Structures are given as C-alpha cells and as structure tokens.
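Asker: Fold the following for me, if possible:
(one chain, ligands or ions: 1)
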Amino acid sequence: MGILAMGIMVIWGLGILFALGSQILLAFAVYFDAKSKNNSDPVMWALLTGFLGWIPAIIYLCLRGKESDRLIYCPQCGIAHRVSMPNCPQCGIMNPYAAPFVGPQVDVWKKRAKLCLIWAIVLFVLIFVLIFIFILAMVLIASSNPYIYY
Ligand SMILES: [Zn+2]
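Answerer: Coordinates of the predicted model:
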C-alpha cells in the first residue's frame, strides 16, 4: 500500500506541475505574441493569463489583431490597407507605420510565442494522459482487490 500511495502522490504531483507549467508557458506565449503584435499591454495580458489561465488567453486572442489590423490610407494612392503591411498592396510605396510590426525582433517574438504555445499544449495534453493513467490504475487496483467493494 505504501508504493500505491506514493504512485498516486507522484501522479498528482506531476499533474499539478504540468498544470502550472502549462499556464506559465501560455502566459509567455501571450506575452511574446503581444510583443510581436505591438500590443500596448503585453505584461498585463501575460499576468492575466498566468493567474487566470485560458480564459484571458482566449479574450486576448480575440483582441490581438486590433493594433496590427488597424486600417490606414496610403499617402500616395489613397487605398485603405492594414497598418502592419510594410508596403502598399496597390502602389507598393513603403509604409513607415509598419516598422513596429516587421523586422528580425518581431520574428524572434513570434517564434518564441509559437514555441511556448506548443509546449503549453503538450503539457496540457499530458495532464489528460496522467488522468487516464490514474483512472486506469484505480480500475486495475479495484479489480485486483475485490474486497474494496464490501
Ligand atoms: Zn498606395
């Protein structure tokens, strides 16, 4: 029974660790994504996600394009296009307002956001694997000890 109790504790410990890790990684994913999108409050969104989890992350996801999808008018041909486009889609003139949305630093942030998100999802899936192992172990133990039911 000592080994069994230890096994259960290890599974629960790992579960809590994975849940915490998943949430922290998700917070970092939100932070780096917000940086890459030139969001004005990356730290606020990261903290909200870190403390409250997936719900603020989903709200963030709905709002994340707000800055970069803002429309501006081309000074040369007058067509409306997204502020994050480095060049006008019609006449090709350079758009100076796109500078915060492009460049090597933005690519680094995007990559980091992606990496953090992938690992957050991996850990999240692992929690379900643990729950499955836990249930399986309980079923096996119950079936090998029929007197548990009496
Ligand atoms: Zn133009």
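Asker: which sections of this protein are below the confidence cut-off?
Answerer: Low-confidence segments of the chain, defined by pLDDT under 70: 1, 146-150.
Asker: Enumerate the residues of the chain near the ion.
Answerer: Cys74, Gln76, Cys77, Cys88, Gln90, Cys91 (CB under 5 Å from the ion). Quick note: C-beta positions are derived from backbone N, CA and C, even for glycine.
Asker: what does stretch 114-124 contact?
Answerer: Identification of contacts with stretch 114-124 by CB atoms under 8 Å, 6 or more residues apart in numbering yields Phe18, Ala19, Gly21, Ser22, Gln23, Leu25, Leu26, Phe28, Ala29, Phe32, Asp33.
Asker: How about the secondary structure of Ile72?
Answerer: strand (DSSP: H, G, I helix; E, B strand; the rest coil).
Asker: Contact partners for it?
Answerer: Ala80, His81, Arg82, Val83, Asn95, Tyr97.
Asker: Leaving out chain neighbours, which residue sits closest to Pro89?
Answerer: Closest residue to Pro89 apart from its sequence neighbours, by CB to CB, 6 or more residues apart in numbering: His81 at 5.5 Å.
Asker: Using the three-state scheme, assign the one you found.
Answerer: Following three-state DSSP, we place His81 in the strand state.
Asker: do the one 3 residues further on as well
Answerer: Recorded secondary structure, Ser84: coil (three-state DSSP).
Asker: Isn't the residue nearest to Pro89 up against Leu71?
Answerer: Yes: if you go by CB atoms under 8 Å, His81 and Leu71 touch, sitting 6.8 Å apart.
Asker: May I see the contacts of Ile72 arranged in CSV, with neighbour count as well?
Answerer: Formatted as CSV, these follow (neighbours: other CB atoms under 10 Å):
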residue, neighbour count
Ala80, 10
His81, 17
Arg82, 16
Val83, 16
Asn95, 21
Tyr97, 13
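Asker: for the residue nearest to Pro89, what are its contacts?
Answerer: Contacts for His81 (CB under 8 Å, 6+ apart) come out as Leu71, Ile72, Cys74, Cys88, Pro89, Gln90, Asn95.
Asker: ok, of those residues, which come out buried?
Answerer: Ile72, Cys74, Cys88, Asn95 (16 or more other CB atoms under 10 Å).
Asker: okay but the second one is in contact with Gly92, surely?
Answerer: The one in question is Cys74. No: if you go by CB under 8 Å, Cys74 and Gly92 don't touch, sitting 9.6 Å apart.
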